[in-house]
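K.L.:
Build me a model:
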Amino acid sequence: MSNALGLWVLTADAQATLDRDAYAAGASQDALMESAGGNAATWILDHRRPERAVVLAGIGGNGGDGLVVARRLCDAGIAVQTYITASPREGSATARMAQRLAASGAAPAPILESWDELDSALANADVIIDALFGSGVTRPLAHDHARIVDRINAARGLTVSLDLPSGLAADQGTPLGESVCADVTLAMAFLKPAHVLYPAAARCGQIDVVDIAYPPHLLDEVSAWAHVLGSHGVSARLPDRPPHGHKGTFGRVLVVAGSIGMTGAAMLCCQGALRAGAGLVYLAIPASLDTILESALPEVITLPIADDDGHLRSTDTSSLRDPLRRCDVLAIGPGLTQRPDVFAAACAIIDAFDGRLVIDADALPALKDPDRALRLAGRAVLTPHPGELSRLVEKPPEAIDRTRRDAARAFADASGCVVALKGRPTVIASPGATVFVNTTGSDALATAGSGDVLTGLVAGLLAGGASPEDAAVAATYVHGAAADLFVRHRSARSMLASDLVDLLPRAFRALES
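P.N.:
Residues are numbered from 1 along each chain as shown. Model prediction:
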């Protein structure tokens, strides 16, 4: 399901509640199963019409969906072999779907008893439909089910999992143990957390959502775990660019970044802001590095400031008084280093600025001061990776990464700032509001400097008039989309952050066209 916010991500319990509400509203279990399985069969016929298919069905609702798929494929003239892992409970919806399959004239669906027979069927199948388990898995698969999964994974046919690859827990990014590694996963009406959280998401292959005929009025009451934005939703969040606009119209960004050995961080941040459409970008840089940056960034106005061996000097930031007053956005942190005197300078600059901010990298510890966080509430975007957020909340990075949606939301609520927790996936949380998950991008972004480009992108969109949430959401999407453009024709391992900068115009153009 989707709306103006994008695809909905629901927990298993939330969708189970929706199912019960649908039954109470008069929708039969059989009708919902026919809808889910029928739409999944249509997807298979439209995208990969097989000659021979194997359906492996469990005894729960997921198995019932699989039996509907088997019947619909048979009706379409596909040779289908269907196996059920055990006898479904008498009178259950799954039992009724098995009876409908038998009554349709299709080949009977025997209880799976022969491994040799299964191996032969899988060896000859173009498409294998995994309908063993859906979103109810909470523990590792039993031995016999794990054996079936091993055989599915070893087969040559295209594996299509219904709702989730069997063996994955719907609400977790960490697999419980053995699971199907699907080529395609057809999520039923909604995405689940496992579809977007890694490493579980890597086992889902291509993910498409197929509809279920829920009563429309019930969807207004659904509480999403998160939303995954598509291009249409992101496009609507880009700030307008009036044709009569000038440099001032599109905003002024002050970047405070870089130190000796880290001038690249400052360059990439400035380039990100410019590519996002900022009218003017100023770069405050230690004076001894000014010549390097002036020659490398002809579009940027450099502001040489007091220098201490190639680092900011905490005792004198008075030269920034006028830029801090005139600029609309401050982007601070990339490449500053964690020297105490540099951190003191960064805090002084943050405290002196009244506009919107993007705080990253070495400036993020400034948020440990609750009074400062309170002053920044409503006007700052924070862009930590799990290690940086772990130092702010004093939890291990592994715990942050494992619960990234909850971790981002908790810190957004505590700080009053928008938090874009970087990684795969990047999670964007606003205080007390919807959480967004960005699914663009790949391991190509795991390269030095890509986060600096993101900081600049957020700042440039803020300067153009986007809200903190809109800027964070659109920037992360475009950032990942540019990486996706790179890997269409080149190796992900080869991408540089400067490649990302060069592809940003194409990524923006795709949203604007």
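
K.L.:
To which secondary structure element type does Leu283 belong?
P.N.:
Per DSSP: H, G, I helix; E, B strand; the rest coil, the local secondary structure of Leu283 is strand.

K.L.:
Would you map the strands across the stretch 301-450 of the chain?
P.N.:
Using DSSP state E, counting those that start in this stretch, the strands of the stretch 301-450 of the chain run over residues 301-305, 329-332, 356-359, 380-382, 418-421, 426-429, 435-438.

K.L.:
Quick one: distance of stretch 505-513 to the chain centre.
P.N.:
Taking C-alpha atoms, centre = their mean, to the nearest Å, one finds stretch 505-513 lying 19 Å from the centre of the chain it belongs to.

K.L.:
now stretch 183-196
P.N.:
Centre-to-centre, stretch 183-196 and its host chain are 13 Å apart (C-alpha atoms, centre = their mean).

K.L.:
And for stretch 368-387?
P.N.:
Averaging C-alpha positions (C-alpha atoms, centre = their mean) puts stretch 368-387 22 Å from its chain's average.

K.L.:
list the buried ones in it?
P.N.:
By neighbour count with 16 or more other C-beta atoms under 10 Å, stretch 368-387 contains the buried residues 373, 376, 379-386. The way it works is simple: take the backbone N, C-alpha and C, and place the C-beta from them, glycine included.

K.L.:
Would you mind saying which of the strands of the stretch 301-450 of the chain lies nearest Ala12?
P.N.:
Closest approach to Ala12 among these (C-beta to C-beta): strand 435-438, 16.7 Å.

K.L.:
what is the rounded mean pLDDT of the closest one?
P.N.:
Taken as a whole, strand 435-438 has an average pLDDT of 96.

K.L.:
And for stretch 255-263?
P.N.:
Averaging pLDDT along stretch 255-263 gives 96.

K.L.:
Mind listing residues that contact that stretch?
P.N.:
The contact list for stretch 255-263 (C-beta atoms under 8 Å, 6 or more residues apart in numbering) reads 265-267, 269-270, 273, 281-286, 288-289, 292-293, 296, 300, 309-312, 320, 330-337, 342, 346, 349, 363, 452, 456, 459.

K.L.:
the helices in the stretch 351-500 of the chain, which residues?
P.N.:
Assigned by DSSP state H, counting those that start in this stretch, the helices in the stretch 351-500 of the chain fall at 370-376, 386-393, 397-402, 404-415, 450-463, 468-487, 497-512.

K.L.:
Of those helices, flag the one that's most buried.
P.N.:
Compared across the helices of the stretch 351-500 of the chain, helix 450-463 shows the largest average neighbour count, a mean of 31 (mean count of other C-beta atoms under 10 Å).

K.L.:
Mind putting the helices of the stretch 351-500 of the chain into a markdown table with mean pLDDT and distance to Ile84?
P.N.:
Output for the helices of the stretch 351-500 of the chain, formatted as a markdown table (pLDDT from 0 to 100; distance: least, C-beta to C-beta, whole Å):
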| stretch | mean pLDDT | distance to Ile84 |
| --- | --- | --- |
| helix 370-376 | 94 | 56 |
| helix 386-393 | 96 | 43 |
| helix 397-402 | 93 | 35 |
| helix 404-415 | 96 | 36 |
| helix 450-463 | 98 | 48 |
| helix 468-487 | 98 | 40 |
| helix 497-512 | 97 | 45 |
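
K.L.:
Before we move on, what's the pLDDT of Thr315?
P.N.:
Thr315 carries a pLDDT value of 67.

K.L.:
Out of the helices of the stretch 351-500 of the chain, which gets nearest to Ile359?
P.N.:
Among the helices of the stretch 351-500 of the chain, helix 370-376 comes nearest to Ile359, with 7.8 Å by C-beta to C-beta.

K.L.:
Tell me which of the helices of the stretch 351-500 of the chain lies nearest to Val196.
P.N.:
Nearest of the helices of the stretch 351-500 of the chain (C-beta to C-beta): helix 404-415, 8.8 Å.

K.L.:
Off-centre distance for that closest one?
P.N.:
For helix 404-415, the distance to the chain centre is 16 Å (C-alpha atoms, centre = their mean).

K.L.:
Give me the contact list for it.
P.N.:
193, 197, 225-226, 367, 373, 376-377, 380, 382, 386, 389, 392-393, 395, 399-400, 418-421, 423, 425, 427-432, 435, 437.

K.L.:
That'll do, ta.
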